[in-house]
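Asks: Let me see the structure of the following:
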Amino acid sequence: MSEPEVKTESRSARKHRDILEAATQVFLAQGFAGTSIDQIAARAAVSKPTVYKHFADKQALFTEIVTRTVDEAAEPVHAEVASLRDTGDVAADLRDLARRQLAMVMRPRLLQLRRLVIGEAGRFPELGRLFAERGPARTMADLATAFRGLTERGLLAVDDAEVAAAHFNWLVMSVPLNRAMLTGDDAPPPAAEIERYADEGVRVFLAAYGAPPAGRR
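Replies: Numbers count the residues shown, from 1 in each chain. Below you'll find the predicted structure:
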């Protein structure tokens, strides 16, 4: 029996990853305008031409950082939202989703990147749109689809799925997220605080959108 093939990262792929990580650190520490390709190259321990071999310019590098960071954070949430269609306990599964979604959004690096993208929105509005489309907007679109399905199953009573998705999203995360964005506090909230905001958000959501008892339909 032959040995399984072990895939190794190529030298080029490793350098690409190292440049992205170095650039992320410099951007988050110094902002977009305060960051130079020279600084990124030095942090990544590569030459300046090597950075340009992988990325056309500083904006292209920042765009890939935004895309990768948001996608890495969002993919687990999307998978969990999709699984809601098979739920047997909508309240419990919504609480689990809300807790994981809020914990993900409150990760320090994602908070820092969100703050940086907002700060650069005047000069680079396309980056703000990219962040929104691949992050919050995609999540709320998936939630809307899930809520339509749960309404068809009689587990929710939703007339406007898009509005309901926005209500769910912001009932859960508005207070801790706004606090972190406005104060610059990137320390992850304690687990008890995550659970408090998630569980209370779901409770209020279900008070508005929960299906009525069978005898009252």
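
Asks: Domain-wise, how is this structure divided?
Replies: 9-55, 66-211 (automatic domain parsing).

Asks: now the last one, how far from the chain's geometric center?
Replies: Here the centre of mass of C-alpha atoms in domain 66-211, compared against the chain's by C-alpha atoms, centre = their mean, to the nearest Å, lies 8 Å away.

Asks: quick one on the thing from earlier: can you redo the domains of the chain as CSV with mean pLDDT?
Replies: Formatted as CSV, the domains of the chain follow (pLDDT from 0 to 100):
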stretch, mean pLDDT
domain 9-55, 92
domain 66-211, 93
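
Asks: Return stretch 88-105 as PDB; C-alpha atoms alone will do.
Replies: Provided in PDB are the C-alpha atoms of stretch 88-105 (Å, rounded to 0.1, in the frame of the first residue of the first chain):
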ATOM      1  CA  GLY A  88     -35.800  20.600  15.600                       C
ATOM      2  CA  ASP A  89     -35.400  23.300  18.200                       C
ATOM      3  CA  VAL A  90     -35.500  26.700  16.700                       C
ATOM      4  CA  ALA A  91     -34.900  28.600  20.000                       C
ATOM      5  CA  ALA A  92     -31.900  26.600  21.000                       C
ATOM      6  CA  ASP A  93     -30.300  26.600  17.600                       C
ATOM      7  CA  LEU A  94     -30.800  30.400  17.200                       C
ATOM      8  CA  ARG A  95     -29.200  30.900  20.600                       C
ATOM      9  CA  ASP A  96     -26.200  28.700  19.500                       C
ATOM     10  CA  LEU A  97     -25.900  30.600  16.200                       C
ATOM     11  CA  ALA A  98     -26.200  34.000  18.000                       C
ATOM     12  CA  ARG A  99     -23.500  33.100  20.500                       C
ATOM     13  CA  ARG A 100     -21.000  31.900  17.800                       C
ATOM     14  CA  GLN A 101     -21.800  34.800  15.500                       C
ATOM     15  CA  LEU A 102     -21.300  37.400  18.200                       C
ATOM     16  CA  ALA A 103     -18.000  35.800  19.400                       C
ATOM     17  CA  MET A 104     -16.700  35.700  15.800                       C
ATOM     18  CA  VAL A 105     -17.600  39.400  15.100                       C
END
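
Asks: how about the helices in this structure?
Replies: For the chain, the helices defined by DSSP state H occupy 11-30, 37-44, 48-54, 58-83, 90-105, 108-119, 125-134, 136-152, 161-183, 191-209.

Asks: any chance of those in TSV, plus mean neighbour count?
Replies: The C-beta positions use only the backbone N, C-alpha and C, and glycine is treated the same way. Shown next, in TSV, are the helices of the chain (neighbours: other C-beta atoms under 10 Å):
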stretch	mean neighbour count
helix 11-30	17
helix 37-44	18
helix 48-54	15
helix 58-83	17
helix 90-105	19
helix 108-119	18
helix 125-134	15
helix 136-152	19
helix 161-183	18
helix 191-209	17
